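J.: return a 3D structure for these sequence lines:
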Amino acid sequence: MPTKDGVFYELSDSPYRALYGDYTFHFSSRKHQESFLDKLSVRVEWLCDSFSKRFKFEIDARLIAVFQLYFQVETRGCYVKMADGEVLRCKKNLKLHGLKASVQGSTQPCESTIMRFDAPSEPFPTMPLFSRNQ
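T.: Numbering: from 1, shown residues only. Modelled structure (predicted):
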């Protein structure tokens with residue numbers, strides 16, 4: 001049931017939703033929904049670019065960016081229907097499972113990055129166990 005200002009504190013009842021892939025994000029108000037949708041493309045582009053520059057290869061961080069923005073914009077809780085039908089009600093319960101690697105363009109090695117290295121022929125020495133000084 002909304003308040004007189006149209007705010008839904010029970011996010012599962014809210015008609016304000018946004019779909020991203022197989023995820024349905026619920027919002028407490030039209031203002032939060034519109035803010036999310038207005039900022040989404042900029043946030044996705046910025047985070048993908050930021051990660052790619054930091055790690056020196058292309059990173060698709062779209063899903064991370066979407067969740068990050070949702071948690072920033074929706075300040076009255078969390079309600080996201082996941083791809084498998086589960087519902088996320090607390091951001092601390094979100095777990096993203098890595099990324100798939102793929103090859104773009106040429107599969108030839110970059111000459112500037114080829115470097116030979118040899119693995120140590122002996123195993124690393126074992127560390128002594130901690131002892132208590134008496």
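J.: hey, where'd the helices end up in this structure?
T.: Counting by DSSP state H, the segments of the chain that form helices are 30-55, 62-73.
J.: please identify the deepest-packed of the ones you listed.
T.: Among those, helix 62-73 has the highest mean neighbour count (mean count of other Cβ atoms under 10 Å), at a mean of 18. All C-beta atoms are positioned from the backbone trio N, CA, C, and that covers glycine.
J.: tell me the mean pLDDT for that one?
T.: In this model, helix 62-73 has an average pLDDT of 96.
J.: give me the residues contacting that helix.
T.: 20-21, 23, 25, 27, 32, 35-36, 39-40, 43-44, 46-48, 78, 80, 91, 94, 96 (Cβ atoms under 8 Å, 6 or more residues apart in numbering).
J.: switch to 6 Å and redo it
T.: Residues from elsewhere that reach helix 62-73, judged by Cβ atoms under 6 Å, 6 or more residues apart in numbering: Tyr20, Phe25, His32, Ser35, Phe36, Lys39, Arg43, Val44, Leu47, Lys91.
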